[in-house]
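Trainee: Sequence first, then the predicted structure:
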Amino acid sequence: MREMIKMVIVLTILATFSGSLLAAIHSKTKDRITNQILKFVKGPAIRKIFKEASNDPIVDRFDIKDGDETRSFFVGVFEGEPRAVAFETFGKGGYGGEVGLMVGIDVKEDKVVGVGVTTHAETPGMGAKAETDPSFVAQFEDLSLEDPFKVTQDGGTINALSGATLTSRAVSLAATEASGIYQKLKPQIEEKLKNFKK
Amino acid sequence: MAKTLTQEFVKGLWDEVPPFRLVLGLCPVLAVTKAVENGIGMGVATTFVLVCSNVLVATLRKVIPSKVRIASYIIIIATFVTIAELLMQAYTYPLFKKLGIFIPLIVVNCIILGRAEAFASKNGILRSLLDGLGFGIGFTLSLMALAAVRELLGTGDLTFWEKPIQIMGPWFQPFSFMVEAPGAFIALGLMLCLMNLVGKK
């Protein structure tokens, strides 16, 4: 009996100690990790979308609360005015799960500036081409938000990557979702952009 | 104790070097040795976990009841692996991305649990520290050696800190299968063979 109690006590103390240590380290590294992900995962996609922007979109960002979620918006300054935002959405149904997509939207004209895949677990050489093949994501450029973002098989205008219809569909879904979020949050986005210092 | 402190440290470097002599912990050995850089990263992370868990297990060896020792070791090891994972994510993100799932998998690396069970639970703190350090460095060097062979034959380059250095001249036709999975087995087998030839008494 005494041994049983000792086992329980030792394990409880160990687990508590380990839990609190990890919590402490997590809270210390959290900001740095967010910055690293911005720099290495979202950063390249944002820079590709806003390649003609005169500012650094990763530094110029703001957050908007959308229900329970907080979304980060990256501002692109073109010809001296902040006229585009980029944010990340996730499209379900990729071959390897969700596909993360960074979508840049021109606020003045309500059209897509460009998109870029951020995170995915698609097959290398097939679905992974969504990230590496610029001609696929280029199809989204300049599309109006009123256009349906669909692959040709579903009656849309996007030519799916050959052998990777599921991935292409997931990207299109993410773009559709982005359009929905944008339209819902547009008043807040415009408000934030107005206060944005050039 | 029959062994001196130096011997505790040195045995992990050659006599019992993990992947070649004990043939333990092969999962990361085969998977991440595509490039020297990955090998070093994996080796350092494993060394960190091994040293920390060895020291802690040795410190607590009289407190932990023997019936729940494995569970306790796993808690200790998993904690240090998570710490290593968070730190790598915060400070060496590109390397973290390349090693991917193999960082969390250090938890199930049998070298670490093996040393905790076979050595640290029976020896003092200093000895366990040296044992962990020796095995960790031995493991790192083995990974580097294997990765160097594979990367050199597979691509003709050696990568350090993101910078590939071309070693082979332009005449070299890379055996690209060496950086794929089958190349890992072949390179490991050849190195085992070499180690046995050299170490034969």
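Mentor: Received the coordinates, thanks. Computed from a prediction, not measured in an experiment: that's the story for all the values here.

Trainee: Quick one: neighbours of A:Gly43, just the number.
Mentor: Using other C-beta atoms under 10 Å in any protein chain shown, A:Gly43 is surrounded by 19 other residues. For every residue, glycine as well, the C-beta is placed using N, CA and C.

Trainee: now it, nearest residue through space, not along the chain?
Mentor: Excluding the flanking residues, the one nearest A:Gly43 by C-beta to C-beta, 6 or more residues apart in numbering or on different chains is A:Ile58, at 5.5 Å.

Trainee: how close does the one you found get to chain B?
Mentor: Applying C-beta to the nearest C-beta, to the nearest Å, the value for A:Ile58 to chain B is 14 Å.

Trainee: Could you pull up the residues touching that residue?
Mentor: Shown in contact with A:Ile58 (C-beta atoms under 8 Å, 6 or more residues apart in numbering or on different chains): A:Leu38, A:Lys39, A:Lys42, A:Gly43, A:Ile46, A:Arg47, A:Phe74.

Trainee: Can you give me the pLDDT of the first one?
Mentor: To tie it back to what came earlier, the one meant is A:Leu38. If you check A:Leu38, the pLDDT there is 83.

Trainee: does chain A sit close to stretch B:67-86?
Mentor: Yes. Using C-beta under 8 Å from any C-beta of the partner chain, stretch B:67-86 reaches chain A at B:Lys67, B:Val68, B:Ala71, B:Ser72, B:Ile75, B:Ile76, B:Ala78, B:Thr79, B:Thr82, B:Ile83, B:Leu86.

Trainee: Run a quick check on B:Phe20 versus B:Phe139, I expect a contact.
Mentor: No. Using C-beta atoms under 8 Å, B:Phe20 and B:Phe139 do not qualify as a contacting pair, with a distance of 10.0 Å.

Trainee: Go through the contacts of A:Ile58 and flag which are in strands.
Mentor: When these are checked against strands (DSSP state E), the matches are A:Phe74.

Trainee: Among the contacts of A:Ile58, which one lies nearest to chain B?
Mentor: Distance to chain B, by C-beta to the nearest C-beta, is smallest for A:Lys39 among those, at 7.3 Å.

Trainee: any idea how far A:Pro44 lies from chain B?
Mentor: A:Pro44 is 12 Å from chain B, by C-beta to the nearest C-beta.

Trainee: Quick one: residues contacting that residue.
Mentor: A:Gly116.

Trainee: which helices and strands sit right next to the longest helix seen in chain A?
Mentor: The helix that spans the most residues within chain A, counting by DSSP state H, is helix A:2-37. Applying 3 or more C-beta pairs under 8 Å, 6 or more residues apart in numbering or on different chains; DSSP states H and E, one finds that helix A:2-37 contacts helix B:69-91, helix B:93-99.

Trainee: B:Ile112 is nearest to which of those helices?
Mentor: For B:Ile112, the closest of these is helix B:69-91, at 5.6 Å, according to C-beta to C-beta.
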